[in-house]
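> Got a sequence here, can you model it:
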Amino acid sequence: MFLKCMYKQQHKRRHNHALTDTSRFLLVSLNIDAILQETTIHLRRQKLNSMTDGLGLDDAYGATLDRIKRQGNEKARLGMATLMWISHSERPLKPGELCNVLAVEIGSPSLNTDNVPSLETLLACCQGLIAVNKEASTLQLIHATLQKYLQAHPELFGTAHERMAEACLSYLDSQQVNALSTTLSDLEETPFLEYSSLYWGMHAKRGLSDSAKHLALKLLEDCPSHISTKILLEALAQKPYSRAVDFNNLSLFSGLHCASIFGIADIVASLVEIESCDINQKDCAGNTPLMWAAWNGHEGVAEILLGRQDINPNKPDNRGQTPLYCAAWTGHEGVVKMLLGHDDVNPDKPDVYGQTPLFGAASNGHERVVEVLLRRDDVNPDKPNNNGQTPLFGAAWDGHEGVVRMLLEHGGVSPDKPDKLGRTPLWWAVKSGHAGAVALLQPLASIISNASQGRGPT
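I've put the predicted structure just below:
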């Protein structure tokens with residue numbers, strides 16, 4: 001009877017006409033759950049009568065969160081911590097990962113497996129606000145509107161990323177994880193190891209407490225021999241245009257390289273003050289710390305490194321690509337400007353393939369970076385690579401119309417300049433099927449061809 005009354009009352013509310021069917025069902029479900037939490041018919045009747053016409057999803061979420069907090073110390077802690085991790089994690093978490101991280105005691109030297117809660121306990125503590133995605137075997141919030149609600153109320157979790165960084169680092173600094181060999185491939189006994197290895201730095205970059213900084217510096221002292229280093233480098237090696245990693249030379253990978261990858265400026269600032277620190281050292285992927293900062297667009301880290309008198313901002317990797325090339329290739333305008341502001345940086349230095357920073361930016365369609373580089377008198381906008389292909393080739397090949405237009409408008413670019421096989425930018429644009437680039441290039445190509453040969457282009 002109560003369920004029937006509840007549905008009728010929700011159905012009559014005027015504002016519910018604006019809700020989707022899914023949201024309306026969710027609202028009814030949450031309010032029914034609230035009623036069924038009461039222990040007597042009298043209390044359930046009171047709860048039903050208290051649900052006024054103004055009640056919506058936000059009110060239902062708020063009421064459910066209040067119930068979670070009133071469960072008792074440990075249940076309330078587990079419920080809110082579960083919601084924090086699911087709503088703030090860098091990727092969806094598996095049940096085993098979440099259960100294990102919730103057992104971590106910050107700063108404890110050991111992991112207590114007897115403290116790991118069960119999935120059933122977490123589901124109960126969250127009062128229906130989380131569910132298991134059976135297809136992906138991950139945990140998720142009950143509805144997308146709950147994610148928006150939690151984002152709109154950051155006070156619910158306070159310094160979430162600081163706490164998450166502390167938990168990840170405490171896990172990595174534990175005796176059990178420190179005892180693991182870098183050759184280990186089976187991680188079943190340490191379910192949270194992969195996540196903590198790949199994402200501790202992302203949480204620390206967003207919020208770094210004194211405790212997290214202490215734990216991070218401790219971890220980075222033994223960076224080459226820690227299993228998290230191998231996990232991180234294996235993941236980075238799978239990214240597009242990644243460098244080949246020599247896993248036999250992990251000793252070259254320092255804590256400064258790791259902190260530069262994540263972009264944690266506060267930790268980088270501490271590490272560069274260490275007397276034995278070599279800020280120009282290449283790691284097992286051939287990258288310097290500045291190179292990692294440039295690849296990932298970490299302006300704060302780049303500023304610290306470029307401020308050092310012993311920095312070599314032109315030091316290339318194993319393919320002859322400089323930090324400026326990397327920043328231009330990935331389109332990180334802020335880092336590009338920082339590097340160009342350094343007196344020792346060569347803005348037109350080619351790599352082993354003859355490709356300049358402008359070629360890299362043009363090939364990837366980074367218009368703002370192209371604009372910055374074209375303003376420089378010491379950048380040759382028509383400089384060919386080893387195959388005779390200019391930056392205009394790269395832009396035309398991938399159909400970056402904005403860059404094609406910018407290069408054509410520059411007085412120093414030859415629009416019909418062929419490569420070593422006689423192919424022009426227009427030929428590449430046609431072959432790649434980029435009609436917009438063809439439309440920009442064809443009128444110029446026709447003029448040049450007609451003037452020189454008395455006929456139109458093929």
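> average pLDDT across the host helix or strand of residue 260?
Taking DSSP states H and E as the criterion, the element that holds residue 260 is helix 255-262. The average pLDDT within helix 255-262 is 97.
> elements contacting it?
With contacts taken as 3 or more CB pairs under 8 Å, 6 or more residues apart in numbering; DSSP states H and E, helix 255-262 sits against helix 193-206, helix 210-221, helix 227-236, helix 265-271, helix 289-296, helix 299-306. Quick note: C-beta positions are derived from backbone N, CA and C, even for glycine.
> Give me the spatial nearest neighbour of residue 363, chain neighbours excluded.
Spatial nearest neighbour of residue 363, excluding adjacent residues (CB to CB, 6 or more residues apart in numbering): residue 394 at 3.2 Å.
> related to what we said a few turns ago, quick one: contacts of the helix holding residue 260?
By CB atoms under 8 Å, 6 or more residues apart in numbering, the surrounding residues in contact with helix 255-262 are 200-202, 204-205, 216-217, 219-221, 223, 229, 232, 236, 267-268, 271-272, 277, 279, 281, 283, 287, 289-290, 292-293, 296, 298, 301, 305.
> Now restrict these to buried residues only.
200-202, 204-205, 216-217, 219-220, 223, 229, 232, 236, 267-268, 271-272, 277, 279, 283, 287, 289-290, 292-293, 296, 298, 301, 305 (16 or more other CB atoms under 10 Å).
> Where does pLDDT dip in this structure?
Applying pLDDT under 70 to the chain flags residues 1-57, 185-186, 444-458.
> Using the record's domain definitions, break it down for me.
What automatic domain parsing lists as the domains of the chain is 2-45, 74-238, 347-458.
> would CSV of the ones you listed with distance to residue 321 be doable?
Shown next, in CSV, are those (distance: least, CB to CB, whole Å):
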stretch, distance to residue 321
domain 2-45, 49
domain 74-238, 16
domain 347-458, 4
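> wait, which of those is closest to residue 312?
domain 347-458 (12.5 Å; CB to CB).
> Buried residues, stretch 348-362. List them.
Quick answer for stretch 348-362 (16+ other CB under 10 Å): 348, 350, 351, 355, 356, 357, 358, 359, 360, 361, 362.
> Tell me which stretches of this structure form strands.
Taking DSSP state E as the test, the strands found in the chain are 130-133, 138-141.
> Can you tell me which of these is packed in deepest?
Ranked by mean neighbour count under mean count of other CB atoms under 10 Å, the strands of the chain are led by strand 138-141, which reaches a mean of 19.
> And that strand, what does it pack against?
Against strand 138-141 (3+ CB pairs under 8 Å, 6+ apart) you get helix 73-88, helix 95-101, strand 130-133.
> Could the C-alpha coordinates of the shortest one be exported in CSV?
Right, the one you point to is strand 130-133. Taking Å, rounded to 0.1, in the frame of the first residue of the first chain, the C-alpha atoms of strand 130-133 are listed here in CSV:
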residue,chain,number,x,y,z
ILE,A,130,26.2,2.8,-6.3
ALA,A,131,25.9,-0.3,-8.5
VAL,A,132,28.0,-2.9,-10.1
ASN,A,133,28.5,-2.6,-13.9
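> what about it, distance to the chain center?
With CA atoms, centre = their mean, to the nearest Å as the basis, strand 130-133 stands 23 Å off its chain's centre.
> Same question for the first one.
For helix 73-88, the gap between its own C-alpha mean and the chain's C-alpha mean amounts to 23 Å (CA atoms, centre = their mean).
> Pull the residues that contact it.
So helix 73-88 is contacted by 65, 68-71, 93, 98, 101-102, 117, 121-122, 124-127, 129-130, 139-141, 146-147, 150-151, 156-157, 160-161, 163-164 (CB under 8 Å, 6+ apart).
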